[in-house]
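Chemist: Pasting a predicted model and its sequence here:
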Amino acid sequence: MLSQKTRYAIRAMQHLADHYGKGPVQLAEIAERQNIPANFLATILSELSRFGIVASQRGKDGGYWLAVSPIDITYGDLIRVMRGSLALVPCASRYAHEKCKNCVEEGDCRTRALMLKVRDRTAELLDSVRLSEPIDPVPPFEPGEEEILPTHRH
């Protein structure tokens with residue numbers, strides 16, 4: 001599951017992508033439009049700035065903007081910057097690999113094998129969608145449409 005920080009970062013970056021090439025966007029505008037606490041947003045944008053994805057300028061006419069074209073930023077990039085990895089478990093990470101605590105040997109772990117497949121398919125999708133691509137919102141789930149766990153099949 002994505003952390004709240006990562007979800008806020010994605011929304012802030014989508015907002016900045018919508019304003020790409022139109023000059024700085026003030027933090028207060030992003031915070032209000034995206035329903036992100038301003039102090040938390042400042043921390044997130046500062047972090048994205050350290051990675052060279054966001055630029056900023058102080059002052060009356062200042063604000064934030066994308067330092068890189070939205071066509072050059074994938075959702076996979078954003079999540080890796082914020083989380084460090086796309087993997088659901090540390091042993092399936094390609095860039096931040098760690099052995100899981102209290103686990104069997106990695107070569108014998110079927111859970112790790114499954115999570116590597118999940119990670120690879122997730123990466124394939126997230127690395128193929130760029131911040132410049134329009135993504136239309138989808139309507140909320142209706143009552144009764146909740147995800148239902150599969151029953152045991154024979």
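Modeler: Happy to help now that I have it. Numbers count the residues shown, from 1 in each chain.

Chemist: centre of the chain versus the longest helix belonging to the chain, how much separation?
Modeler: Ranked by number of residues, the top helix in the chain under DSSP state H is helix 110-126. Distance of helix 110-126 from its chain centroid, counting by CA atoms, centre = their mean, to the nearest Å, is 16 Å.

Chemist: go on, stretch 96-104?
Modeler: On CA atoms, centre = their mean, the centre of stretch 96-104 falls 23 Å from the chain's centre.

Chemist: Likewise for stretch 49-68?
Modeler: 19 Å.

Chemist: what's next to it, contact-wise?
Modeler: Applying CB atoms under 8 Å, 6 or more residues apart in numbering, the contact partners of stretch 49-68 are 13, 16-17, 19-20, 23-27, 29-30, 45, 48, 73, 77-78, 81, 131. The C-beta positions use only the backbone N, C-alpha and C, and glycine is treated the same way.

Chemist: again, 6 Å this time
Modeler: Stretch 49-68 has contacts (CB atoms under 6 Å, 6 or more residues apart in numbering) with 16, 20, 24-26, 45, 48, 81.

Chemist: Export only the CA atoms of that stretch, formatted as PDB.
Modeler: This file holds the C-alpha atoms of stretch 49-68, laid out as PDB (Å, rounded to 0.1, in the frame of the first residue of the first chain):
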ATOM      1  CA  SER A  49      13.500  19.300  -5.000                       C
ATOM      2  CA  ARG A  50      16.600  17.400  -3.600                       C
ATOM      3  CA  PHE A  51      16.000  14.800  -6.300                       C
ATOM      4  CA  GLY A  52      15.900  17.500  -9.000                       C
ATOM      5  CA  ILE A  53      12.300  16.900 -10.000                       C
ATOM      6  CA  VAL A  54      10.900  20.100  -8.500                       C
ATOM      7  CA  ALA A  55      12.300  23.600  -8.500                       C
ATOM      8  CA  SER A  56      11.300  26.500  -6.300                       C
ATOM      9  CA  GLN A  57      11.600  30.300  -5.900                       C
ATOM     10  CA  ARG A  58      11.000  32.300  -2.800                       C
ATOM     11  CA  GLY A  59       9.100  35.600  -2.700                       C
ATOM     12  CA  LYS A  60       5.900  37.200  -3.800                       C
ATOM     13  CA  ASP A  61       6.100  35.800  -7.300                       C
ATOM     14  CA  GLY A  62       7.700  32.500  -6.100                       C
ATOM     15  CA  GLY A  63       6.400  29.000  -5.900                       C
ATOM     16  CA  TYR A  64       7.100  25.500  -7.200                       C
ATOM     17  CA  TRP A  65       7.300  24.100 -10.700                       C
ATOM     18  CA  LEU A  66       8.500  20.900 -12.300                       C
ATOM     19  CA  ALA A  67      12.200  21.100 -13.000                       C
ATOM     20  CA  VAL A  68      11.800  18.200 -15.500                       C
END
